[in-house]
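J.: 3D model of this:
(2 chains)
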There are 2 protein chains.
Amino acid sequence: MPEPAAELDALELDPTDRTRVRRKAERGRYDFATVAAILDEGLIAHVGFMGAHGVCVLPMAFARVDDELYIHGAVGNAMLRELSTGADVCITVTLVDALVLSRSAFHHSMNYRCVVVVGEAVEVEDDQEKARALRAVVDHTLPGRSDDCRGPNASELRTTRVIRVPITEASAKVRSGPPIEDADDLATPFWGGEIPLVTTRGAPIADEHVPAGAASPAYGG
Amino acid sequence: MPEPAAELDALELDPTDRTRVRRKAERGRYDFATVAAILDEGLIAHVGFMGAHGVCVLPMAFARVDDELYIHGAVGNAMLRELSTGADVCITVTLVDALVLSRSAFHHSMNYRCVVVVGEAVEVEDDQEKARALRAVVDHTLPGRSDDCRGPNASELRTTRVIRVPITEASAKVRSGPPIEDADDLATPFWGGEIPLVTTRGAPIADEHVPAGAASPAYGG
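T.: This is a model prediction of the structure:
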């Protein structure tokens, strides 16, 4: 059973050998609320697993529901078939907030928020959980959209595989703020600071089936 | 020796068991020019490798120089130490261009451009190649910036590890255009089309060492 959301908000995850941040350890975060917020803001996850011919990392749509992470795809998808039998997986979601420009090349950096979830991938067999996960994936991409389209029918559900990974062995790493500078470099003429990066939604592009003159949805902006 | 750029532009990569796009095979691209363009536009790479405790995927700054891909970090960085001895690696760079909204939940998608490079990671020992790679990483993040900061000194070079992966076993996967629709869904009242996603640079935020009144650099978007 998933933990109630209120308890999750106060949860501290135990760092393990795989999730403890070693390099720049002060940037490590192990509270569930931070992990969840980064997962919810990220649009795609990079999913790593051991394939038949070596390690493999592929981008996937995903969603979080309480303390479970879901990915999905066609039943014919080779990666999901591989993952469906309890494979070891590492799922990484990264947000880049700013370029960090130091007066030295050496101290250039980025401000970022990153989550790593590791664990055992399991196929979701229960139809209700599957339907809930698929709604969550659509709504994760665009909040509210699953009420604004036709839901999956029996055949679509049957041909879709949903994979669940628990968000229990996980951590975040966060950098923010100005560049690090060596004292000697402050006398150089070079500029130092942050260049924020912002991703926005552009104006919706209707497909050829939308009637001429129909109002654009409020999805842009 | 790297191939001359002009020859690379016309190069077709041979798909292998690891890089052939199987699912939606028509979205696979194997021409070097497409692979290079996606790598050059991507800001971070997700680097996957087999760690001591399981598969691991971490975001990294990177750069392409001709047909080599470079990542770097502190010599104390555990991943780079692991990679320095010829480890099998999968490096994935993903650009998301649009949300693709279909009238059915099932056909929701994204327009994206993604590159997967697999191969053997090798540490760069040659100082000149190392310096060139580090310049490329800075300039990849912000074109021209490596001329606009202090370059690495001997001590910084010594404490930085640079890893090279050849861009020979690689492929791209690209989706573009409007949603797929089932004919039956066209009579539904739902909107279908694309919501473009655009990442821009915001106004530069000077750090506390930039003199008051100094001009902002032209790095913003």
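
J.: name the residues of stretch A:107-126 that are buried.
T.: A:107-119, A:121-124 (16 or more other CB atoms under 10 Å in any protein chain shown). Every residue, glycine included, has its C-beta placed from N, CA and C.

J.: now A:R135, nearest residue through space, not along the chain?
T.: A:S146 (4.4 Å; CB to CB, 6 or more residues apart in numbering or on different chains).

J.: following the lengthiest strand in chain A, which helix or strand comes up?
T.: Counting by DSSP state E, the longest strand found in chain A is strand A:85-101. Helices and strands here follow DSSP states H and E; after strand A:85-101, the next one along the chain is strand A:109-123.

J.: does chain B sit close to that next one?
T.: Yes: Strand A:109-123 lies within reach of chain B by CB under 8 Å from any CB of the partner chain, at A:M110, A:Y112, A:C114, A:V116, A:V118.

J.: tell me the pLDDT at the second one?
T.: The one in question is A:Y112. According to the prediction, A:Y112 has pLDDT 98.

J.: who does it bridge with?
T.: In this entry, A:Y112 is beta-bridged to A:V96, A:R175, by DSSP bridges.

J.: could you check how far it is from A:D66?
T.: Per CB to CB, to the nearest Å, A:Y112 is found 25 Å from A:D66.

J.: what sits up against the lowest-mean-pLDDT helix or strand in chain A?
T.: Every helix and strand of chain A was ranked by mean pLDDT, DSSP states H and E. The lowest is helix A:5-9, at a mean of 83. Applying CB atoms under 8 Å, 6 or more residues apart in numbering or on different chains, the set of residues contacting helix A:5-9 from outside is A:F32, A:A33, A:A36, A:D66, A:D67.

J.: do I have it right that the third one meets A:R64?
T.: Yes: contact status for A:A36 versus A:R64: in contact at 6.3 Å, counting by CB atoms under 8 Å.

J.: common neighbours of the two, please.
T.: The contact lists of A:A36 and A:R64 share A:I167, where a contact means CB under 8 Å, 6+ apart.

J.: show me the contacts for the closest residue to A:D127 other than its chain neighbours.
T.: Take A:D127 and drop its neighbours on the chain: the residue closest to it by CB to CB, 6+ apart is A:L157, 6.6 Å away. When contacts are counted by CB under 8 Å, 6+ apart, A:L157 touches A:D127, A:K130, A:A131, A:L134.

J.: do you know how far the most centrally placed residue in chain A is from chain B?
T.: Nearest to the geometric centre of chain A sits A:V93, at 3.7 Å (CA atoms, centre = their mean). Counting by CB to the nearest CB, to the nearest Å, the gap from A:V93 to chain B is 9 Å.

J.: ok, that residue - contacts?
T.: Taking CB under 8 Å, 6+ apart, we find A:V93 in contact with A:I38, A:L39, A:G42, A:I44, A:A45, A:H46, A:F62, A:C114, A:V115.

J.: out of the residues you listed, who's nearest A:H140?
T.: A:H140 lies nearest to A:F62 out of the contacts of A:V93, by CB to CB, at 7.0 Å.

J.: could you look up the SS state of A:R23?
T.: Following DSSP: H, G, I helix; E, B strand; the rest coil, the label given to A:R23 is coil.

J.: that one: how many residues sit nearby?
T.: Residues near A:R23, counting by other CB atoms under 10 Å in any protein chain shown, number 15.

J.: what does the residue of chain A positioned farthest from its centre show for phi and psi?
T.: Distance from the C-alpha centroid of chain A, by CA atoms, centre = their mean, peaks at A:A187 (40.6 Å). Its backbone dihedrals place A:A187 at phi -80, psi -10, with angles given as degrees, to the nearest 10.

J.: quick one: buried residues of the longest helix along chain A?
T.: Secondary structure of chain A per DSSP state H: the longest helix is helix A:127-141. Within helix A:127-141, the residues that qualify as buried are A:K130, A:A131, A:R132, A:A133, A:L134, A:R135, A:A136, A:V137, A:V138, A:D139, A:H140, A:T141, counting by 16+ other CB under 10 Å.

J.: who's in contact with A:P178?
T.: Counting by CB under 8 Å, 6+ apart, A:P178 makes contact with A:V100, A:G192, A:G193, A:E194, B:I205, B:D207, B:E208.

J.: ok, and the closest non-adjacent residue to the last one?
T.: With CB to CB, 6+ apart as the criterion, B:E208 has its nearest non-adjacent residue at 7.1 Å, and that residue is A:P178.

J.: secondary structure element for that neighbour?
T.: Short version, using DSSP H and E: A:P178 is in no helix or strand.
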